[in-house]
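Asker: missing the sequence, but the structure's below:
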């Protein structure tokens with residue numbers, strides 16, 4: 001995998017110019033006036049595993065108002081700066097068995113770009129208004145600023161809501177009391193979205209994730225295992241997928257130019273082969 005990425009011209013290491021710009025951001029960056037950003041600092045928001053995306057959920061006349069708030073990394077550095085150019089070239093962070101290669105230097109990726117509990121963060125927010133039957137009535141998205149109420153661990157949320165470890169429920173209810181109602185509502189909204197997706201015939205293939213067993217000083221991979229995704233992690237994928245689809249529909253409808261990728265329809269032979277592989 002590393003050889004394939006290298007052959008495409010994507011760098012693994014950062015240039016001195018990029019390292020310097022990241023250091024300057026660390027030493028000089030201050031939260032500026034929020035300007036035209038929508039101020040959501042008073043809204044209850046929480047992360048669920050990843051610190052790159054936060055969520056919020058409310059009820060309005062029986063409908064769910066589901067918010068997805070992604071860290072607005074682009075506000076950290078100017079257009080066409082060394083950091084901007086390397087981030088555009090990489091497109092995303094790459095996680096290989098032996099190491100993670102971040103899109104931008106780790107010093108700011110895990111700092112200003114992380115939605116840490118209690119911190120004010122620049123975000124891009126998407127709000128889906130969803131009926132109890134799963135119909136999406138409206139979509140709004142805009143630049144925003146949030147203050148994260150809680151960072152939630154998927155394993156603890158699963159234990160809290162599904163009573164996997166009854167002995168820890170009391171402690172977890174206390175730990176997540178500020179977002180407990182929102183977590184329950186998000187699972188309900190996610191179940192509705194999942195039902196709608198299944199009814200339209202979409203295949204569910206992301207039910208497991210890979211783990212790697214390593215051996216020796218160099219950490220050579222000796223085996224690959226598959227583990228079932230926890231319900232909170234599957235919920236996150238369900239919600240982000242629904243938001244992504246609605247944004248794509250808007251961009252297409254409004255003829256907004258943007259990078260995109262089209263996948264040709266899978267042939268019957270390819271589909272049958274995939275099904276056989278998944279069964280094993």
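Answerer: Nice, I can see it. Please read all numbers here as calculations on a predicted model, not as lab measurements.

Asker: look up the closest residue to residue 66, ignoring the ones flanking it.
Answerer: Distances taken as CB to CB, 6 or more residues apart in numbering put residue 128 closest to residue 66, at 4.6 Å, once the chain neighbours are dropped. No exception for glycine: its C-beta is placed from N, CA and C like everyone else's.

Asker: can you pull the contacts of residue 41?
Answerer: Residues near residue 41 by CB atoms under 8 Å, 6 or more residues apart in numbering: 120, 145-147.

Asker: which elements pack onto the helix or strand harbouring the residue nearest to residue 66?
Answerer: Using DSSP states H and E, residue 128 sits in strand 120-130. Applying 3 or more CB pairs under 8 Å, 6 or more residues apart in numbering; DSSP states H and E, one finds that strand 120-130 makes contact with strand 38-40, strand 50-60, strand 63-71, strand 136-147, helix 180-199, helix 231-253.

Asker: if you count neighbours, what's buried in that strand?
Answerer: Buried residues in strand 120-130, defined by neighbour count with 16 or more other CB atoms under 10 Å: 121-130.

Asker: cool, stretch 62-71 as well?
Answerer: Taking 16+ other CB under 10 Å as the criterion, stretch 62-71 shows 63-71 as buried.

Asker: same deal with stretch 182-199?
Answerer: Buried, per 16+ other CB under 10 Å, within stretch 182-199: 182-183, 185-187, 189-190, 192-194, 196-197.

Asker: reformat the residues you listed as TSV; add pLDDT and distance to residue 77.
Answerer: Listed next are those as TSV, based on pLDDT from 0 to 100; distance: CB to CB, whole Å:
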residue	pLDDT	distance to residue 77
182	95	32
183	94	34
185	94	36
186	94	32
187	93	37
189	93	35
190	91	34
192	92	39
193	91	34
194	88	37
196	87	39
197	85	37
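
Asker: residue 168: which of these is nearest?
Answerer: residue 183 (15.4 Å; CB to CB).

Asker: is it true that that closest one touches residue 45?
Answerer: No - contact status for residue 183 versus residue 45: not in contact, 11.8 Å apart, counting by CB atoms under 8 Å.

Asker: circling back: show me what contacts the residue nearest to residue 66?
Answerer: 64-68, 136, 138-139, 242-243, 246.

Asker: over to residue 138?
Answerer: Going by CB under 8 Å, 6+ apart, the list of residues near residue 138 reads 128-129.

Asker: and it, what are its bridge partners?
Answerer: Going by DSSP bridges, residue 138 is paired in beta bridges with residue 129.

Asker: how close does it get to residue 64?
Answerer: From residue 138 across to residue 64, the span is 12 Å (CB to CB, to the nearest Å).

Asker: give me the common contacts of the two.
Answerer: 128-129.

Asker: what number of residues lie near residue 242?
Answerer: The number of residues packed near residue 242 is 25, by other CB atoms under 10 Å.

Asker: distance of it from residue 231?
Answerer: 16 Å.

Asker: next one: residue 160
Answerer: As judged by CB to CB, residue 160 and residue 231 stand 11 Å apart.

Asker: cool, and residue 86?
Answerer: Using CB to CB, one obtains 36 Å as the distance from residue 86 to residue 231.

Asker: higher neighbour count, those two?
Answerer: residue 86 (19 against 16).

Asker: next one, pLDDT for residue 96 please.
Answerer: If you check residue 96, the pLDDT there is 68.

Asker: which members of the buried residues of strand 120-130 are the farthest-apart pair?
Answerer: Of all pairs drawn from those, the one with the longest distance (CB to CB) is 122 and 130, at 25.8 Å.

Asker: low-confidence regions, the protein specifically.
Answerer: 1-11, 26-33, 96-98, 111-112, 164-166, 203-210, 215-219, 259-264 (pLDDT under 70).

Asker: wait, isn't residue 63 in contact with residue 131?
Answerer: Yes - Residue 63 lies in contact with residue 131 (CB under 8 Å); the separation is 5.5 Å.

Asker: joint contacts of those two?
Answerer: Joint contacts of residue 63 and residue 131 (CB under 8 Å, 6+ apart) are residue 137.

Asker: returning to what we had before: now, of the contacts of residue 41, which are buried?
Answerer: The neighbour count (16+ other CB under 10 Å) marks 145-147 as buried among the contacts of residue 41.

Asker: contacting residues for the spatially most central residue of the chain?
Answerer: In the chain, the residue lying closest to the centroid (CA atoms, centre = their mean) is residue 53, at 4.8 Å. By CB under 8 Å, 6+ apart, residue 53 lies in contact with 47, 68-71, 115, 236, 240.
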